[in-house]
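Novice: Quick one: sequence and predicted model below, then my questions.
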Amino acid sequence: MFDQVTQYNFPTVIRFGIGASKELPAYLKSNNLRKPLVVTDPMVYDLPFLKAILKDLETCGVSYETFSHVDKNPVKANILAGGDIFSCVKCDAIIGIGGGAAMDVARAIALRINNRRDLFEYDDLIGGDKFIDGEIPHLITIPTTSGTGSEVGRAAIISENDSKRKRILFHPTLLAKIVFADPGLTFDLPPNVTAATGMDALTHNMEAYISKGFHPMCDGIALEGIGLIADSLEGAVLNPNPENRSKMMLASLMGAVAFQKGLGIVHSLAHPLSTLLDVHHGLANAVMIAYGMAYNMSGSEDKFKQMARALKLKDISGNGVLDRLKGINERIGIPSKLSDLGVLPEHVDALSELALTDFCLPSNPKDASFDDLKSIYQKAILK
Ligand SMILES: [Fe+2]
């Protein structure tokens, strides 16, 4: 493995801590950015903390424009509309504030401004990244959930308007120049959102750790992320306080930094549940994680032992890890079966077909056939 040259990238500046978002106006001014486009989703747009951030900008004399036409699963039309506003009012920076959807839209708008082919000609899966050569506006991200980690990502997942097929825009230049990670913005998240997004973060760390490839730096970050989540997720859902909210935000960032190494079968099983049945991404991962990890156990015994240690388990076997995952889910109110989400046996063939071509499957430590995927979905549906 040492006779191949590999590149490791950890370039994002992260300002982390309660109150970090208050540094935004001074940062804009010091970088001579005078007219940012604030991209957020309709729910966040109405929340008091967003009003406070906008008020801070006004107080500091920063003029801004807002864009909140962001779908739950963002579509191309969102990007084109946001890009038109940016150009029309001559913005000079983009600030994505929200969960994964808002930050992905902010990133895709940043791509769109000076790369004017049809948006999906830039799809990474068809080699479109090679066409991304236009300058990317200054991009700033401010997460308001602890889950997707999109704030430190270099990809945007955007769906086609009609078919809802997910496309991936990916390029190193799409990284935010700076992240303001302020756990204070998550203090009012409801328990069900904290639970689902937190399990997404746990899935990122675990899948990154066991994914194919040699990346000890990502492995170390992922194990530490797993430990932080073991310490804090249940508390963040059941008894939130600044410490467990802060640990979850850090672990979410760490999961997304680590998954530059790759993700795996849990995400491949989860993505079709969102595409076909509109299941929330984090919830889909939360329900599927124990099933996907059970599939991966044989052949990765040593890595499961390390994850068990990170989870601080007495039983450091793979089954110990599975029991812990099921226990966390039970305590934070995540259903144990897909049938609880309205998934029916007749959905399984279509789900398995999509999972088989999912972009996360190639980095899973074990190959999986259509029949393997079908069998996992069937186990997850049965009562
Ligand atoms: Fe995810």
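Specialist: Ah, there it is.

Novice: wait, residue 177 sits on residue 139?
Specialist: Yes: Residue 177 is within contact range of residue 139, at 6.1 Å (criterion: C-beta atoms under 8 Å). Bear in mind the C-beta positions are built from the backbone N, C-alpha and C, glycine included.

Novice: neighbour-wise, which of these two wins?
Specialist: Using other C-beta atoms under 10 Å, the more surrounded residue of residue 177 and residue 139 is residue 139, with 24 against 17.

Novice: Any figure for the gap between the more buried one and residue 331?
Specialist: Distance of residue 139 to residue 331, given as C-beta to C-beta, to the nearest Å: 37 Å.

Novice: Please apply the same query to residue 234.
Specialist: The value you get for residue 234 to residue 331, if C-beta to C-beta is used, is 6 Å.

Novice: hmm, which helix or strand of this structure has the shakiest average pLDDT?
Specialist: Least confident element among the helices and strands of the chain, by mean pLDDT, DSSP states H and E: strand 166-170 (a mean of 90).

Novice: Packing partners of the lengthiest helix in the chain?
Specialist: Ordering each helix of the chain by length in residues (DSSP state H) puts helix 216-238 first. Packing partners of helix 216-238 (3 or more C-beta pairs under 8 Å, 6 or more residues apart in numbering; DSSP states H and E): helix 191-210, helix 242-258, helix 301-310, helix 318-332.

Novice: got a list of contacts for that helix?
Specialist: With C-beta atoms under 8 Å, 6 or more residues apart in numbering as the test, helix 216-238 has contacts from 8, 10, 146, 191, 194-195, 198-199, 201-202, 204-206, 208-209, 241, 243-245, 247-248, 250-251, 254-255, 257-261, 306-307, 310-312, 324, 328, 331-333.

Novice: residues in contact with residue 336?
Specialist: 287, 326, 329, 330 are the contacts of residue 336 under C-beta under 8 Å, 6+ apart.

Novice: Sorry, slip of the keys, the one I care about is residue 301.
Specialist: Residue 301 sits in contact with residue 318, where contact means C-beta under 8 Å, 6+ apart.

Novice: so how many other residues sit close to residue 13?
Specialist: Neighbour number of residue 13 under other C-beta under 10 Å is 11.

Novice: what are the phi and psi values for the nearest residue in space to it that is not next to it in sequence?
Specialist: Nearest residue to residue 13, sequence neighbours excluded (C-beta to C-beta, 6 or more residues apart in numbering): residue 178, at 4.6 Å. Dihedral pair for residue 178: phi -150, psi 150, per degrees, to the nearest 10.

Novice: Retrieve the pLDDT associated with residue 178.
Specialist: At residue 178, the pLDDT value in this model is 97.

Novice: Okay, it and residue 81: tell me how far apart.
Specialist: Going from residue 178 to residue 81 by C-beta to C-beta gives 25 Å.

Novice: One more: residue 91?
Specialist: 14 Å.

Novice: Neighbour count: those two, which is higher?
Specialist: Neighbours per residue (other C-beta under 10 Å) separate residue 91 from residue 81, with residue 91 holding more: 25 against 15.

Novice: List the contacts of the more buried one.
Specialist: Contact analysis of residue 91 by C-beta under 8 Å, 6+ apart lists 35, 36, 37, 65, 85, 137.

Novice: Report the beta-bridge partners for the closest residue in space to it that isn't next to it in sequence.
Specialist: Computed as C-beta to C-beta, 6+ apart, the closest residue to residue 91 that is not its neighbour in sequence is residue 37, at 4.2 Å. The partner list for residue 37 in beta bridges (DSSP bridges) reads residue 65, residue 94.

Novice: if I look at residue 37, how far off is residue 11?
Specialist: 23 Å.

Novice: again, but for residue 326
Specialist: Counting by C-beta to C-beta, the gap from residue 326 to residue 11 is 37 Å.

Novice: Have a look at the two and say which one is more surrounded.
Specialist: residue 326 (14 against 9).

Novice: Now do the same for the residue positioned nearest the centre of the chain: its pLDDT.
Specialist: Closest to where the C-alpha atoms of the chain average out (C-alpha atoms, centre = their mean) is residue 148, at 2.1 Å. Residue 148 carries a pLDDT value of 92.

Novice: Ok, residue 1 next?
Specialist: Per-residue pLDDT puts residue 1 at 69.

Novice: The residue nearest to the centre of the chain: what's it in contact with?
Specialist: So residue 148 contacts 99, 100, 103, 197, 200, 252, 256, 281, 282 (C-beta under 8 Å, 6+ apart).
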